[in-house]
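Visitor: What follows is a predicted protein model with its sequence.
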Amino acid sequence: MSDPRPQITRQPETKTQTGGGDSDHMAHIVTKDQQMRGYIAGEAIEALCGKTWVPSRDYQGLPICEACVEERDRRLSGMKGLN
């Protein structure tokens, strides 16, 4: 006998989103390639923290995402070992 109740599947939350979210309230750090693609082509870009969104305004003056800063610092410290 099959169960007449609907089956519920829960999707895990991811840290990446498109649009909305904290991108309206924070400035995220992206690579130059991502930045140009986002502003010129209007494509969704991914910040160092994993946030995905389509940039549509100047984010100057907003607080900088701490996760992006940490990831930038981690990458830069790894590059120092190469020199």
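Guide: Nice, I can see it. Numbering: from 1, shown residues only.

Visitor: what's the longest helix in this protein?
Guide: For the chain, the longest helix by residue count, based on DSSP state H, is helix 66-80.

Visitor: show me where pLDDT drops low in this structure?
Guide: Within the chain, the segments meeting pLDDT under 70 span 1-24, 81-83.

Visitor: So which residues of it form helices?
Guide: Applying DSSP H to the chain gives helices spanning 32-36, 66-80.

Visitor: picking up where we left off before, so what secondary structure elements neighbour the longest helix of the chain?
Guide: Contacts defined by 3 or more CB pairs under 8 Å, 6 or more residues apart in numbering; DSSP states H and E place helix 66-80 against no helix or strand at all. Just so you know, the C-beta spots here come from the backbone N, C-alpha and C atoms, and that holds for glycine as well.

Visitor: Provide the partner residues of Ala27 in its beta bridges.
Guide: On the basis of DSSP bridges, Ala27 is bridged to Ile64.

Visitor: number of nearby residues for it?
Guide: Number of residues near Ala27 (other CB atoms under 10 Å) recorded here: 16.

Visitor: again with Cys65
Guide: Cys65 - counted by other CB under 10 Å - has 22 other residues nearby.

Visitor: do you know how far it is from Ile40?
Guide: Using CB to CB, to the nearest Å, Cys65 is found at 22 Å from Ile40.
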